[in-house]
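# test case, fold it:
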Amino acid sequence: MTKATEALKAESLETIRAMLPAGTDVYCIVRHVSASGMSRQISFHVVEAGQILNITYHVGNVLGYKMATDRAALKVGGAGMDMCFAVVYGLGRALFPDGYTLPAGQYGRNGNPSTHETDGGYALNSRQL
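Alright, predicted model coming up:
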């Protein structure tokens, strides 16, 4: 990874870390599916203060996905699973590498009563539009 790429990643990580506390819904729009079904172009959005914000560029920088500029979406390869969830899970892992504290009264995965979730991938909620 070049120094410029590392700088972009750090800047995007800082930007979206402020926008995405644990429990945030990240909305995904599948813009295109390849003819083979092996890749998708997906955009990512959040709602903040009543406005829909496109965070696709920052997600791509943090996770290393390339942009499909004709659709303002990320090129995501893979099949056989929910690729929107996979990207949002990866984003959660990047933002919360040491896990996160659960809101009062919430349980962790599989009903675990712990107040700390150790897998940051589950900090964000993937929602498809």
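
# okay, now the unreliable bits of the chain?
By pLDDT under 70, the weakly predicted segments of the chain are 1, 104-105, 108, 110-113.

# spatially central residue in it, please.
V88 (3.0 Å; C-alpha atoms, centre = their mean).

# residue contacts, that residue?
Taking C-beta atoms under 8 Å, 6 or more residues apart in numbering as the criterion, V88 is in contact with 26, 28, 44, 124-126. Every C-beta, even on glycine, is put in place using the N, C-alpha and C of the backbone.

# which PyMOL command selects the buried ones in those?
Selection of buried members from those for PyMOL, criterion 16 or more other C-beta atoms under 10 Å:
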select buried, resi 26+28+44+124+126
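
# farthest pair within the contacts of V88?
Spatially, the most separated pair among those is F44 and N125, at 12.3 Å (C-beta to C-beta).

# just the buried residues of the helix or strand hosting F85, please?
Per DSSP states H and E, F85 falls inside helix 83-95. Residues of helix 83-95 classed as buried by neighbour count (16+ other C-beta under 10 Å): 83-95.

# go on, stretch 62-75?
Buried, per 16+ other C-beta under 10 Å, within stretch 62-75: 62-63, 65, 67-68, 73-75.
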